[in-house]
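Colleague: Got a sequence here, can you model it:
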Amino acid sequence: MNSKFTLIVRILLGLILVVFGLNKFLNFIPLPELPENAGNFMTSLGETGYVLPIVGVLEICIGAMLLLKKWVAFALILLVPISLNILLFHLFLDLPGLSVALMIVLLNAILIYKHWKQYTPLFN
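Modeller: Numbers count the residues shown, from 1 in each chain. Modelled structure (predicted):
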């Protein structure tokens, strides 16, 4: 579980999450032009006042756990619904952004596979 490959994947995913989580608060990466439906969806989420900040905090916390190698298996499970929603958003509303979404899901899946022994008690 401590291979260099796993280390690289964990750090890469952690950095991606921290950067995009912080971006929800600091807006240092400009959002690309979204298709109308995707833009409407994101505007609706932003107007709730709580959805995007909560997702941002979760992304930062999960990313920090991955970078600090604390509670990694827990962090990866927390990331599953977020990464699936990112994937589905891009699959159905913003196809050009699908590659980044696939990368996040793939990195999460690789790390879950690498930590699978920690999850087996859940299925007994």
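
Colleague: where in the protein is pLDDT low?
Modeller: 1-2 (pLDDT under 70).

Colleague: which residues are in contact with stretch 100-110?
Modeller: For stretch 100-110, contacts defined as Cβ atoms under 8 Å, 6 or more residues apart in numbering pick out 6, 9, 12-13, 16, 76, 79-80, 83-84, 86-87, 89-91. All C-beta spots, glycine's among them, are computed from the backbone N, C-alpha and C.

Colleague: cutoff 6 Å now
Modeller: Val9, Leu13, Leu79, Ser83, Ile86, Leu87, His90 (Cβ atoms under 6 Å, 6 or more residues apart in numbering).

Colleague: out of those, which are inside helices?
Modeller: Using DSSP state H, the members of those that fall in helices are Val9, Leu13, Leu79, Ser83, Ile86, Leu87, His90.

Colleague: Neighbours of the fifth one, how many?
Modeller: Same thing as Ile86. 22 (other Cβ atoms under 10 Å).

Colleague: do the same with the last one
Modeller: In terms of burial, His90 registers 19 neighbours under the definition other Cβ under 10 Å.
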